[in-house]
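# Quick one, structure for this:
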Amino acid sequence: MPADNLQNLCAETREKLKSAISIMETFLNEYALPQLVAEQDEETNHFYKGFLSDLRHLLTFSEVSFEKLGIVQRRPNFDAEFAEKELYHVYHRCVNSFFYPKNESYSEDGRYAYTGQDAIRFRKKPIRPARDVIMDITKIYEELRDDLNYYESDYLTERRMQAERKHA
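Residues are numbered from 1 along each chain as shown. Purely as a prediction, here's the structure:
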């Protein structure tokens with residue numbers, strides 16, 4: 001990818017992460033387990049513990065990637081290899097953490113992706129603010145997934161081929 005396009009992709013990715021971070025931080029600063037669990041049953045408690053854990057992990061991964069993309073942009077000489085590595089990490093840490101949360105409090109149902117309906121399905125019906133935070137960041141992570149699709153597999157394949165050429 002030409003350096004100008006790569007620089008633009010880094011800047012756009014960083015801005016999208018900034019938006020997602022802001023939404024998640026606001027939610028996590030306002031809500032803790034006691035505010036989310038009105039009913040004291042074990043299943044609801046377990047659901048929200050997993051939900052909050054996944055959201056905190058996603059926030060952390062997104063913040064780290066945001067900072068590293070900032071480093072990419074601030075360097076006096078643009079380092080394309082470092083930029084591509086960081087975009088790869090955004091895809092594999094942030095995008096995958098969003099779409100495949102460890103505790104599976106929600107998941108993406110691809111059957112709804114093209115119907116105009118929400119493709120995110122919750123394992124248990126969440127309270128409105130918990131639902132809203134996920135729905136608000138879904139579009140951002142969908143865009144990141146589309147923008148960075150190349151980094152799902154092609155990036156590593158290209159790196160392996162470069163390594164093989166060096167050793168040949």
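# In contact with I127: list those residues for me.
Going by C-beta atoms under 8 Å, 6 or more residues apart in numbering, I127 touches 36, 38. (Glycine included, C-beta is placed from N, CA and C.)
# C-terminal to the longest helix seen in the chain, what's the next element?
As assigned by DSSP state H, the longest helix anywhere in the chain is helix 42-74. Sequence order places helix 80-89 as the next helix or strand after helix 42-74, per DSSP states H and E.
# List the buried residues in that following helix.
83-84, 86-89 (16 or more other C-beta atoms under 10 Å).
# Quick one: work out the angle between that helix and helix 42-74.
170 degrees (axes from the mean of the first three to the mean of the last three C-alpha atoms, to 10 degrees).
# Residues contacting helix 80-89 from elsewhere in the structure, which ones?
1, 3, 6-7, 9-10, 13, 65, 68-69, 71-72, 75, 148, 151, 155-156.
# hmm, which of the residues you listed are the buried ones?
Counted by 16+ other C-beta under 10 Å, the contacts of helix 80-89 give 6-7, 9-10, 13, 65, 68-69, 72, 148, 151, 155 as buried.
# ok, so of those, who is nearest S105?
S65 (22.0 Å; C-beta to C-beta).
# what about the closest one, distance to D79?
16 Å (C-beta to C-beta, to the nearest Å).
# Over to K125: give its phi and psi.
phi -60, psi 120 (degrees, to the nearest 10).
# residues near it, how many?
10 (other C-beta atoms under 10 Å).
# how many degrees apart are the helix or strand encompassing L6 and helix 80-89 in direction?
Assigned by DSSP H and E, L6 belongs to helix 3-30. Computed with the same axes, to 10 degrees, the direction of helix 3-30 lies at 40 degrees from that of helix 80-89.
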